[in-house]
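S.K.: Build the 3D model from these lines:
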Amino acid sequence: MVVIYRIRDKIIRRSQENVREIILNVARTIFARFGFKKATMNEIAQAAHKGKSSIYNYFRSKEEIFQAVVEKESRLLGEELTKAVEKEETPQKKFRTYIISRMQILNRLANFYSALKDEYFEHYRFIEKIRGKYIKDEINMIKKILNEGVNKGIFLVKDLNITAFAIITAIKGLEYPWAIENDSSETEKSIDYLLDILFNGIVKK
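M.R.: Predicted coordinates:
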């Protein structure tokens with residue numbers, strides 16, 4: 001009898017997880033289309049083919065759904081970036097792939113990108129935690145590439161933390177121009193130029 005109860009509980013948990021995932025998937029689309037402010041619980045419930053009251057069995061509020069959506073997109077970003085970078089053999093290629101992949105993935109993850117840049121979310125504590133973790137993860141990934149280059153005798157880096165922070169700041173400063181650039185080849189040229197400055201500097205040798 002105990003085994004039967006355990007199997008039943010396991011099936012129930014899986015069913016609940018599936019429903020939760022369905023809600024998150026439709027919510028991602030609705031938030032990306034209408035934005036957090038305009039999206040409603042009614043729209044999410046209708047898209048998930050659930051009653052509005054049943055949505056509250058899984059999430060307490062629209063804010064909680066958005067938090068789960070942003071956290072999911074944050075994980076996707078990290079996983080995809082790691083896979084893309086690890087395919088490259090040299091630190092130089094890893095930098096280029098990191099920057100290009102980062103731009104491409106952020107353009108797809110509209111909710112996460114919105115959470116990073118929109119001032120509207122400043123008073124949401126969970127957004128600040130997500131932003132803080134994202135910045136930390138970015139710096140750590142850049143530091144890992146830099147460290148590999150140093151160990152291979154390719155890069156000369158006096159301070160990994162400051163260098164990683166400077167690179168991330170430069171990338172962020174170019175996010176908007178790159179995002180509105182219709183010609184991807186021009187964007188990649190800009191990235192290559194940025195990397196040339198990074199690797200070779202601007203001082204005449």
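
S.K.: from here on, contacts and neighbour counts on C-alpha atoms
M.R.: Noted.

S.K.: Please look at residue 94 and residue 81 and confirm they touch.
M.R.: No. If you go by CA atoms under 8 Å, residue 94 and residue 81 don't touch, sitting 10.1 Å apart.

S.K.: Next, the buried residues of stretch 70-78.
M.R.: Buried residues in stretch 70-78, defined by neighbour count with 16 or more other CA atoms under 10 Å: 70, 71, 72, 73, 74, 77, 78.

S.K.: no wait, stretch 125-143
M.R.: 126, 127, 130, 131, 134, 138, 139, 140, 141, 142, 143.

S.K.: Okay, and which of those map to helices?
M.R.: Members of the buried residues of stretch 125-143 lying in helices (criterion: DSSP state H): 126, 127, 130, 131, 134, 138, 139, 140, 141, 142, 143.

S.K.: Turn the buried residues of stretch 125-143 into a markdown table, including pLDDT.
M.R.: A markdown table is the format used below for the buried residues of stretch 125-143 (pLDDT from 0 to 100):
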| residue | pLDDT |
| --- | --- |
| 126 | 87 |
| 127 | 87 |
| 130 | 89 |
| 131 | 88 |
| 134 | 90 |
| 138 | 92 |
| 139 | 93 |
| 140 | 93 |
| 141 | 94 |
| 142 | 94 |
| 143 | 95 |
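
S.K.: rewinding a little: adding distance to residue 102, write the ones in helices among the buried residues of stretch 125-143 out as a markdown table.
M.R.: Shown next, in a markdown table, are those (distance: CA to CA, whole Å):
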| residue | distance to residue 102 |
| --- | --- |
| 126 | 22 |
| 127 | 20 |
| 130 | 17 |
| 131 | 15 |
| 134 | 12 |
| 138 | 10 |
| 139 | 13 |
| 140 | 15 |
| 141 | 12 |
| 142 | 12 |
| 143 | 16 |
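
S.K.: Return the member of the residues you listed nearest to residue 194.
M.R.: Among those, residue 142 lies closest to residue 194 (CA to CA), at 15.1 Å.

S.K.: Identify the residues contacting that closest one.
M.R.: Residues in contact with residue 142 (CA atoms under 8 Å, 6 or more residues apart in numbering) are 95, 164.

S.K.: Check the one 3 residues further on too.
M.R.: With contacts defined as CA under 8 Å, 6+ apart, the neighbours of residue 145 are 91, 94, 95.

S.K.: Specify which member of the buried residues of stretch 125-143 is nearest to residue 120.
M.R.: Nearest to residue 120 among these is residue 127, at 10.4 Å by CA to CA.

S.K.: domain ranges for the chain?
M.R.: What automatic domain parsing lists as the domains of the chain is 1-59, 63-205.

S.K.: Quick check, pLDDT for residue 71.
M.R.: If you check residue 71, the pLDDT there is 91.

S.K.: Relative to residue 115, how far out is it?
M.R.: 10 Å (CA to CA, to the nearest Å).

S.K.: go on, residue 75?
M.R.: On the measure of CA to CA, residue 75 and residue 115 end up 14 Å apart.

S.K.: re the thing from before, what's the least confident stretch among the domains of the chain?
M.R.: domain 1-59 (a mean of 79).

S.K.: And the helices in this structure?
M.R.: 2-34, 41-47, 52-55, 62-86, 91-108, 110-117, 125-151, 160-173, 175-180, 184-200.
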